[in-house]
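>>> Below are the sequence and a predicted model for it; my questions follow.
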Amino acid sequence: MKIGRPRIIMRYLHTEFIRNFLLALFGLTILILIGNLFDELARLTRQDPPAWAVAAYFVLRVPYLLAQAMPLAVLIGTLFTLTSMLRSHELIAMRAGGVDQWALAWPILAPALVVSLGMIAFDETVVPWANSRSAEIKRVHIRKQPLHELEVVNRAAVWTVDGKLVYAEQANGEEGLLHRVTIAEIYGRKLLGRVDAESARPERGAWVLTKALVCRWRKDEMDTRRVRRAVYPLAETMGNFLRDERELKEQSMRELRDNIRKLRQAGRDYSSERVFYHLKWAFPFASVIVALLALGISFTFQTNPREGVAASVTVAILSAIAYIFLVQFGQVLGMGGVLPPVISMWMANVVFFVAGVILLWRAWRW
């Protein structure tokens, strides 16, 4: 006979999971931060920066580290909650007493889902701001470079004041050159012309292009001509292209979306940006998926508490390693064009979601 979903039991499970999750999140973040500290401290102190700058840099890295640690913290919190109940035979007593299965699962799945949804908002607001500020402190106060002036920036794209999109494979501040340049002449949403050049150099309020291919559409015909040297009117300076460059994994979805649009209009490859854009959507839901998987694994071993704890932890850790491998494998497939980015980045979530549902369904049949 089932007794449904008693609030006391659900509240107990919910409280235990939240406590274990927060402890795991705190511990993992501290461990990762210490690892980064040992890895970067020697390089950061070469220029004899002020102590406050080094401390501020590491503090501002914490939001990014928190976001990365959350799925693993959910997994550890779920395992700690359920394995402690296995050791004390609480899980068997609840199930034998007729407690509904969802009364045991929902207090863990619900907060895990909230964590997943919260990660999306956190990744789009706090993390980009903190990453930007940490990069600025590292550049200006630690490496002592001029503000917004880098030596080399790869894949630089700038919208000009008159609506053109200028893209360069590399902007080199030391040489004062843009390499492999594309200028998309856009009016509204219509591409009117395109200029591709081997290099571009600023000179007297304009840019001198070398080995340029100029294409312009006139009605239904395209006028194409090659020139060895051309002066192109652009008001932008080299400083516009030497902006802060962050890794794709540290960019927000809005930044990635803007970069995809720029690269598409410039006719360049943007598969890497698309992969990380879909990863930004898929990765936060890893929290609810690992919680589902941990529930299925723990309930599978609930009839053998003595061996169930070790078996649950072992299988869950191996599953987490397999999940990370599948995510990275999906990145390779997406960037290589083998699979569309939306499929390659959601593949791991779908596989492990199905596995978790099957494990949970089989465990609840006893």
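Nice, thanks for sending it over. Numbers count the residues shown, from 1 in each chain.
>>> tell me the secondary structure for the nearest residue to residue 358 once chain neighbours are set aside?
Once flanking residues are discounted, residue 358 sits nearest to residue 296: 7.4 Å by C-beta to C-beta, 6 or more residues apart in numbering. Any C-beta I mention is one placed from the backbone N, CA and C, and that applies to glycine too. What DSSP: H, G, I helix; E, B strand; the rest coil gives for residue 296 is helix.
>>> so where's the stretch 151-300 of the chain uncertain?
161, 188-189, 243-246, 266 (pLDDT under 70).
>>> cutoff 50 now
Of all residues in the stretch 151-300 of the chain, none has pLDDT under 50.
>>> Can you name the helix or strand that residue 130 falls in?
Using DSSP states H and E, residue 130 sits within helix 126-137.
>>> immediately after that helix, which helix or strand?
Following helix 126-137 toward the C-terminus (DSSP H and E): strand 152-159.
>>> If you count neighbours, what's buried in that next one?
Residues 153, 155-159 are the ones in strand 152-159 that count as buried (16 or more other C-beta atoms under 10 Å).
>>> Can you get me a residue count around the residue nearest to residue 358?
24 (other C-beta atoms under 10 Å).
>>> and what of residue 38?
Using other C-beta under 10 Å: residue 38 sits among 9 other residues.
>>> Please identify which helix or strand holds it.
Judged by DSSP H and E, residue 38 forms part of helix 7-44.
>>> still on that earlier bit, any idea how far the residue nearest to residue 358 is from residue 315?
10 Å (C-beta to C-beta, to the nearest Å).
>>> now swap in residue 11 and tell me
28 Å.
>>> before we move on, what about residue 194?
Counting by C-beta to C-beta - residue 194 and residue 315 are separated by 55 Å.
>>> So which of the two has more stuff around it?
residue 194 (21 against 18).
>>> Would you mind giving the domain segments of this protein?
Domains of the chain are assigned by automatic domain parsing as 7-137+277-363, 149-243.
>>> closest one to residue 263 among those domains?
Set against residue 263 and scored by C-beta to C-beta, the domains of the chain come closest in domain 149-243, at 7.0 Å.
>>> from the chain's centre, how far out does the closest one sit?
30 Å (C-alpha atoms, centre = their mean, to the nearest Å).
>>> Not counting sequence-adjacent ones, nearest residue to residue 256?
residue 277 (4.3 Å).
>>> Does the one you found touch residue 257 like I think?
Yes. Counting by C-beta atoms under 8 Å, residue 257 is a contact partner of residue 277 at 6.5 Å.
>>> more crowded one of those two?
Taking other C-beta under 10 Å, residue 277 and residue 257 do not tie; residue 277 has more neighbours (24 against 15).
>>> For that one, pull up the helix or strand it's in.
With DSSP H and E as the criterion, residue 277 is inside helix 271-282.
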